[in-house]
Every structure is written in structure tokens, then in C-alpha cells.
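> Structure for this input, please:
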Amino acid sequence: MPAASLRFVVSPIFIPFDAFTAPCAASPVNSNSNPVKVWAALAVQHAAVLYRRAEDLAPLMSQLRLDCLQAKPHSTILMLHSPEIWAGDVHCQAHWGPEDIEAECWLEAATALQWPVAELAMDFEVHSSLEGHWLAHCRACPKSLVKAYVAQLNALDLRPDAITCASQMDELGEAWGLQPDVMAEAFRLPCMDELASHYFNLFKEDKPC
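Numbering: from 1, shown residues only. Model prediction:
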């Protein structure tokens with residue numbers, strides 16, 4: 001299949017250590033009370049959508065590439081979830097110019113994340129609200145986090161061309177022509193009483209998105 005047909009979304013997911021009521025060998029459950037990071041990845045190839053979840057990123061992506069019968073995707077997007085990334089709105093004053101809006105976004109992000117501005121990566125988009133006011137939709141996270149994740153993906157021959165947050169799932173799914181809730185299902189937390197083996201099962205949908 002042509003390389004341009006394969007696109008990935010890769011995301012770390014933090015789940016409660018006791019999310020699975022019946023731990024098994026494949027479960028990420030451990031003995032401490034901290035959330036456990038697992039990985040989820042969704043692939044879109046022509047009219048097919050599939051996703052996998054696993055404890056480690058390397059075997060996850062290796063298997064997903066085999067599932068897709070293709071070694072290298074055309075596009076890879078890294079999706080981060082709270083609390084690793086902050087998403088919020090800044091209400092813009094009528095007299096603010098572009099530099100004022102950007103400065104307020106930086107300050108809002110630094111306050112929310114409790115990180116110095118110089119150590120943050122931040123992006124924002126300005127939109128009109130329903131009331132006719134201007135809103136800046138901001139996303140921010142530590143630069144060190146971005147560098148660590150990009151290095152991890154680069155080691156697997158993946159070059160993320162965009163970093164987004166979970167709050168943008170609907171917009172991304174719509175842009176890719178996916179049916180509603182596909183993204184949410186792929187990157188969800190375990191359901192109540194869901195066994196680890198069920199949570200990590202492969203999902204594959206061959207009908208048009």
C-alpha cells in the first residue's frame with residue numbers, strides 16, 4: 001500500500017494501578033498506588049482503522065506495523081493526556097494585540113502547570129466565542145517532556161509531525177474522516193471490571209471510516 005495511506009496516533013495513557021479486578025501476566029498492575037503508564041496507538045490505512053494497547057511502546061509499534069503490512073507511516077501524531085499536558089482558554093481583552101495574547105497565554109500556562117515560562121512548550125489558536133468575544137485555546141507542557149517523547153519515538157524510526165492533547169480528539173477524528181467516538185474508544189481508560197487481557201485486545205475495523 002502507498003506510504004501516504006498510513007497514519008498513526010500514539011499516546012501514553014495513565015491508568016489506576018487497581019483498574020483491573022483480575023490481574024494476569026499481561027496486566028500492567030503493580031503493587032504501588034501510583035498510576036501506571038501504558039501506550040495506545042491507532043492506525044488509519046485507507047478505509048481500515050485499527051488500534052492496539054500495550055505496556056511498552058517498542059513492541060506495540062512493531063506489532064502495529066506488522067498489522068498494517070507496512071513499515072513506515074506517512075504521518076505520526078503524539079497525543080498527550082492530562083496531567084502531562086494542560087489545555088485551557090484565555091479570554092482576550094478587546095484592546096489586546098497579538099503579542100499581548102501570546103504573553104497572556106504563556107503566563108496562564110505557566111501558572112496552571114507551575115513551571116517557568118522558559119521551560120514550557122506552548123501553542124495557541126484564537127477563535128471567536130458564541131458571545132462574540134475572542135478566546136485563545138492554549139495547550140502547554142514541559143519542553144523536557146516533549147524532548148523525551150520525541151526521542152523515544154525517533155528511536156523507533158517515527159518522526160512525530162504534530163503534538164496534540166486529548167481534548168482535540170474529536171477535531172482530529174473529524175479531520176481524518178473517522179466515525180464519532182473512534183478516537184475516544186482507542187485512547188480510553190479501562191472500563192470497570194474489564195480484564196487486562198480484554199483491554200489489550202486488538203481492535204480492527206475494515207469497513208469505511
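> Quickly find the element holding residue 115.
For residue 115, there is no host helix or strand (DSSP states H and E).
> ugh, typo on my part, it should be residue 72
Using DSSP H and E, no helix or strand contains residue 72.
> center of this protein - which residue?
For the chain, residue 79 is the residue whose C-alpha lies nearest the centre (C-alpha atoms, centre = their mean; 1.7 Å).
> I'd say that residue and residue 13 touch.
No. The pair residue 79 and residue 13 does not pass the contact test of C-beta atoms under 8 Å, sitting 9.5 Å apart. From N, CA and C alone the C-beta is placed, and that goes for glycine too.
> what sits in contact with each of those two?
Shared contacts of residue 79 and residue 13, defined by C-beta atoms under 8 Å, 6 or more residues apart in numbering, are found at residue 187.
> shouldn't residue 87 be in contact with residue 141?
No. Using C-beta under 8 Å, residue 87 is not in contact with residue 141, being 9.7 Å away.
> So which of these two has more stuff around it?
residue 141 (24 against 18; other C-beta atoms under 10 Å).
> Okay, buried residues for the helix or strand hosting that one please.
Assigned by DSSP H and E, residue 141 falls within strand 134-142. Residues of strand 134-142 classed as buried by neighbour count (16 or more other C-beta atoms under 10 Å): 135-142.
> Okay, now the sheet partners of that strand, with direction.
Paired strands of strand 134-142, with direction, are strand 86-91 (antiparallel), strand 120-128 (antiparallel) (DSSP bridges).
> Next, format those strands as a markdown table and append mean pLDDT.
A markdown table is the format used below for these (pLDDT from 0 to 100):
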| stretch | mean pLDDT |
| --- | --- |
| strand 86-91 | 94 |
| strand 120-128 | 94 |
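> quick one, which of those is nearest to residue 199?
strand 86-91 (25.3 Å; C-beta to C-beta).
> Can you name the secondary structure element that comes next after the closest one?
As the chain continues past strand 86-91, the following element, by DSSP H and E, is helix 98-113.
> and that next one, what does it pack onto?
strand 86-91, strand 120-128, strand 134-142 (3 or more C-beta pairs under 8 Å, 6 or more residues apart in numbering; DSSP states H and E).
> Can you lay out these as TSV showing distance to residue 102?
Output for the helices and strands packed on helix 98-113, formatted as TSV (distance: least, C-beta to C-beta, whole Å):
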stretch	distance to residue 102
strand 86-91	10
strand 120-128	7
strand 134-142	8
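> quick one, which of those is nearest to residue 74?
In terms of C-beta to C-beta, the element of the helices and strands packed on helix 98-113 nearest to residue 74 is strand 120-128, at 22.3 Å.
> Flag every buried residue along the closest one.
Residues of strand 120-128 classed as buried: 120-122, 124, 126 (neighbour count, 16+ other C-beta under 10 Å).
> Of those residues, just say which sits nearest to residue 190.
Among the buried residues of strand 120-128, and counting by C-beta to C-beta, the member closest to residue 190 is residue 121, at 29.5 Å.
> how near is the closest one to residue 135?
21 Å (C-beta to C-beta, to the nearest Å).
> and if you look at residue 174?
20 Å.
> How are the strands of the protein distributed by residue range?
6-15, 36-45, 48-54, 75-80, 86-91, 120-128, 134-142, 162-165, 203-205 (DSSP state E).
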